[in-house]
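A.B. asks: how does the following fold in three dimensions:
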Amino acid sequence: MKKFICLAFLALFVVSAAQPLQAADKPEKVRIGYLSLVNGQLLSKYLQLHEKEMGVPVEWFRFNSGRDVNTAMASKSIDFGNVGLPPATIGLAGGMNYWGIMNANVLGAVESLVVRKDINSLKDLEGKTVVAPFGSTTHYLLIKALREAGVDMGKVKIMDMAPGEALAPFIRGDIDAAYIWEPGLGLVVQNGGKILLTSEQMAEKGHLTWDVISVQPEFARKYPELVTKFIKSELAAMEYWREHPEEAAKIIAKELGGISVGDAERMMAGTRLIGLDEQLSPAFLGTSAHKGRSAGDIINVAAFLLEQGRIKNEVPRQKAEDFLHPEFLEALRDGRNIK
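C.D. replies: Here you go, the predicted structure:
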């Protein structure tokens, strides 16, 4: 009888001990930080693809720049965050520990340098005031473009300003140009600005910029299947973008607010989305065995930012490669779970 009671208690203990492990299979909610720009995340948010795929409530946080996303990731306020190439590089140089799990988008004409009508070349910006969000993709490309054009950097006043803040000073005449992204970009164009240079043109010159979705390593280790499901939902949003462009434009207009469907269609045309196979190609994240060009992009941007005094430490290749975690994309492609 005593032996039976002992076995019963042992069985009860095993069952009880297993309960917390089962409960930990999913968090109470997932917190996602996204940028105020056009990409597939606006669709995954609106269509509630993550809630349907992961089976947990999702809380969304909208940020104006990757710098703000870095702050939220560093404070553990969000589980997933979308950051641009320079902010990711700045984060790595500053000792941040997060993982890049997929390319959110490649930046084209959705980011551009908008100027006053009397400015016809980059050299014309000498003696002028230009704004860009410091530490962003546009700030990086602005400096690159000015230097390559032989502009005297000492004669250009460059100020830190978020895209949504550029319209009023442009109308007042306080600034002469802004390298920013939509929808702020379109508003400045509608109020007397013209496009002088696009990020698509800079990419053609060899300066490709992109946004990457990052995840907290602790979250990824604890819930690897949810990370794979997150990626699946984001790729589904990209597919919806391709297959239903008109509906996608309507959703984007609603999500951003203050823009027309026509504006959304224009912004979509200036944004390139990367499918699963290309995500894992040498041109982007690459594979777990052979990391792709994205690591090289980080190294190149780090060298530039170090030269500019924007960061204090270089980003060695190993750190850049360690940032990229394509294993979740690979698991989705192969139809397997990550243990």
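A.B. asks: could you pull out the strands in the protein for me?
C.D. replies: Using DSSP state E, the strands assigned to the chain run over residues 30-35, 58-63, 80-84, 99-107, 111-116, 129-132, 157-160, 177-181, 193-198, 210-215, 271-272.
A.B. asks: neighbours of residue 323, how many?
C.D. replies: When counting by other C-beta atoms under 10 Å, one arrives at 25 neighbours for residue 323. (Each C-beta comes from the backbone N, C-alpha and C, glycine too.)
A.B. asks: pLDDT score for it?
C.D. replies: Here the pLDDT value assigned to residue 323 is 98.
A.B. asks: for residue 147, same thing?
C.D. replies: 94.
A.B. asks: and it, how many neighbours?
C.D. replies: Using other C-beta under 10 Å, residue 147 is surrounded by 13 other residues.
A.B. asks: and if you look at the one 10 residues further on?
C.D. replies: Around residue 157 there are 13 other residues, counting by other C-beta under 10 Å.
A.B. asks: how about the helices in the stretch 51-200 of the chain?
C.D. replies: Along the stretch 51-200 of the chain, counting by DSSP state H, counting those that start in this stretch, helices occupy 66-74, 85-93, 137-148, 167-172, 184-190, 199-204.
A.B. asks: so which of those helices is nearest residue 286?
C.D. replies: Residue 286 lies closest, by C-beta to C-beta, to one member of those: helix 85-93, at 15.6 Å.
A.B. asks: who does that closest one touch, helix- and strand-wise?
C.D. replies: Judged by 3 or more C-beta pairs under 8 Å, 6 or more residues apart in numbering; DSSP states H and E, helix 85-93 is in contact with helix 66-74, helix 137-148, strand 210-215, helix 293-307, helix 317-323.
A.B. asks: residues making contact with the third one?
C.D. replies: Judged by C-beta atoms under 8 Å, 6 or more residues apart in numbering, the contacts made with strand 210-215 from elsewhere in the structure are 35, 37, 39, 41, 66, 73, 79-85, 88, 98-107, 137, 227, 230, 234, 284, 294, 297, 325.
A.B. asks: so for it, mean pLDDT?
C.D. replies: Confidence for strand 210-215, expressed as mean pLDDT, is 97.
A.B. asks: and it, which strands flank it?
C.D. replies: In the sheet, strand 210-215 lines up against strand 80-84 (antiparallel), strand 99-107 (antiparallel) (DSSP bridges).
A.B. asks: who touches the closest residue to residue 258 other than its chain neighbours in this structure?
C.D. replies: Closest residue in space to residue 258, ignoring its immediate chain neighbours: residue 183 at 6.5 Å, by C-beta to C-beta, 6 or more residues apart in numbering. Residues near residue 183 by C-beta under 8 Å, 6+ apart: 36, 163, 256, 258-259, 263, 267.
A.B. asks: only whichever of those residues are buried, select them in PyMOL.
C.D. replies: Typed into PyMOL, the line below selects the buried ones among these, using 16 or more other C-beta atoms under 10 Å:
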select buried, resi 36+163+256+259+263+267
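A.B. asks: which one of the contacts of residue 183 is nearest to residue 153?
C.D. replies: Nearest to residue 153 among the contacts of residue 183, with distances taken as C-beta to C-beta, is residue 163, at 22.4 Å.
A.B. asks: just give the nearest non-adjacent residue to the closest one, would you?
C.D. replies: Leaving out its chain neighbours, the residue that sits closest to residue 163 by C-beta to C-beta, 6+ apart is residue 184, at 3.3 Å.
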